[in-house]
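**Q** any chance you can model this:
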Amino acid sequence: MSKTSCTICKKEFENDRKLHSHLKAHKIRMVEYYQTHYARHDLYDGKIIKFKNKQQYFTSDFNNRGNLKKWLIKTDKAEAQGYCTDLLKKRKNKKKLIYAPTEIELRTTMMPPIHYYNKLFGDYYKLCEEVGLIPKYVEPNEQMFPKSIDYESLKEKNISVYVDTREQKPYKLNLPIDVTTLKYGDYTLSDSEICGNLHIERKSIVDFIGTLSGGYERFKREIERAKEADANLVVLTEDTLDHCLAFKNLPYVSKKIRVTPEFVFHNVRELIQEYPHIQFLFTKGKIEAARVAEVLLLSRGWYDSVDLQNAYDIGML
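**A** All right, here's what the predicted structure looks like:
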């Protein structure tokens, strides 16, 4: 077991916990101790790195994603490429990742989004393969997305949307709705071939927080049921990813919620890596979520080949 020592008095301790307890003897807080004796600064503006915990402090190069973006803009291309490649390698090794990080994984950690990697390297997924990560998706293109939908033809074939009985106020869609009991998800299509055996789990931001915190284990069992049936799940949240990352500051989210965005999105990232048949998608409100839900249900399976959040973020979905 590696020991650690106090920089102030040189006394050795068996672990960090005992060292941190010892700091009281010097009347210094943990944040002051590390920022004073192990000063680390934001690469963009030179300000001291904010301290949340030791691991975060020693692995952070920026205080926020805005500074990361500004630094990447001002630095030369070769340095930016090296830095962004190292971010992928470090993430892969630290988290023992198998799959290439999705748009949501990138945007909820201190990493650039997929479109920036494409701008810098030409092909994000090729870069991921080069560092030993398996891409689950391909880059979206316009041909994947239908320009128009022949609803009359679908109605003639008696195609309808199955909605779970627990949905009190179903989305207003352009196809007939049949209320039934679904084993997983809230929406699917009566024709599983047309929807690619897709089931959509609808979430308000409060539902999303609850499911990915207190309801986490129950939700995992639902995901397992979908896996056993060879079904795909899309968790469709009726709020933007930026809002969900800052839900503590939103007036329409109860202040009684004790969990943090960091905790919630840690669970999201775990699920994304563990279950290839699940995706999360954050949209701009209920009306927009209903539009996206219908597009996905009538996708004929193309949705399964692309990162939906990336497609949505770049305006293709």
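
**Q** please enumerate the strands of the stretch 51-200 of the chain.
**A** With DSSP state E, counting those that start in this stretch as the criterion, the stretch 51-200 of the chain has strands at 161-164, 177-180, 187-189, 198-203.

**Q** what would the ones you listed look like in a markdown table with mean neighbour count, distance to Leu250 and mean pLDDT?
**A** The C-beta positions use only the backbone N, C-alpha and C, and glycine is treated the same way. Output for the strands of the stretch 51-200 of the chain, formatted as a markdown table (neighbours: other Cβ atoms under 10 Å; distance: least, Cβ to Cβ, whole Å; pLDDT from 0 to 100):
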| stretch | mean neighbour count | distance to Leu250 | mean pLDDT |
| --- | --- | --- | --- |
| strand 161-164 | 21 | 27 | 96 |
| strand 177-180 | 12 | 30 | 94 |
| strand 187-189 | 24 | 25 | 96 |
| strand 198-203 | 25 | 15 | 97 |
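
**Q** output those as JSON lines; include the columns distance to Thr36.
**A** Shown next, in JSON lines, are the strands of the stretch 51-200 of the chain (distance: least, Cβ to Cβ, whole Å):
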{"stretch": "strand 161-164", "distance to Thr36": "56"}
{"stretch": "strand 177-180", "distance to Thr36": "62"}
{"stretch": "strand 187-189", "distance to Thr36": "55"}
{"stretch": "strand 198-203", "distance to Thr36": "44"}
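
**Q** how about those, which one is nearest Cys128?
**A** strand 198-203 (24.9 Å; Cβ to Cβ).

**Q** what's the following helix or strand after the closest one?
**A** For strand 198-203, the following helix or strand on the C-terminal side (DSSP states H and E) is helix 205-211.

**Q** from the contact counts, what lies against that next one?
**A** Packing partners of helix 205-211 (3 or more Cβ pairs under 8 Å, 6 or more residues apart in numbering; DSSP states H and E): strand 232-237, helix 241-245.

**Q** how about stretch 158-173: buried residues?
**A** Ile159, Ser160, Val161, Tyr162, Val163, Asp164, Tyr171, Leu173 (16 or more other Cβ atoms under 10 Å).

**Q** OK, contacts around the fourth one?
**A** Applying Cβ atoms under 8 Å, 6 or more residues apart in numbering, we find Tyr162 in contact with Asp178, Thr180, Leu182, Tyr187, Thr188, Leu189, Ser190.

**Q** ok, so what distance separates it from Thr240?
**A** With distances taken as Cβ to Cβ, to the nearest Å, Tyr162 is found 28 Å from Thr240.

**Q** what is the end-to-end distance of stretch 87-102?
**A** Its start and end residues considered, stretch 87-102 measures 14 Å (Cα to Cα, to the nearest Å).

**Q** what's in contact with it?
**A** 59, 109-112, 124-125, 127-129, 131-137, 272-273, 276, 279, 307, 309-310.

**Q** how far is it from where the chain is centred?
**A** Centroid displacement of stretch 87-102 relative to its chain, using Cα atoms, centre = their mean, to the nearest Å, is 14 Å.

**Q** what average pLDDT does it get?
**A** For stretch 87-102, mean pLDDT is 96.

**Q** show me which positions of it end up buried.
**A** Residues of stretch 87-102 classed as buried: Leu87, Leu88, Arg91, Lys92, Leu97, Tyr99, Ala100, Pro101, Thr102 (neighbour count, 16+ other Cβ under 10 Å).

**Q** returning to what we had before: nearest to His26, of the strands of the stretch 51-200 of the chain?
**A** Among the strands of the stretch 51-200 of the chain, the nearest to His26 by Cβ to Cβ is strand 198-203 (47.2 Å).

**Q** with just CA atoms, put that closest one into PDB.
**A** Below are the C-alpha coordinates for strand 198-203, written out as PDB (Å, rounded to 0.1, in the frame of the first residue of the first chain):
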ATOM      1  CA  LEU A 198     -38.000   0.500 -30.900                       C
ATOM      2  CA  HIS A 199     -39.600   1.400 -27.600                       C
ATOM      3  CA  ILE A 200     -39.500   5.000 -26.400                       C
ATOM      4  CA  GLU A 201     -39.300   5.800 -22.700                       C
ATOM      5  CA  ARG A 202     -40.800   9.300 -22.200                       C
ATOM      6  CA  LYS A 203     -39.400  11.500 -19.400                       C
END
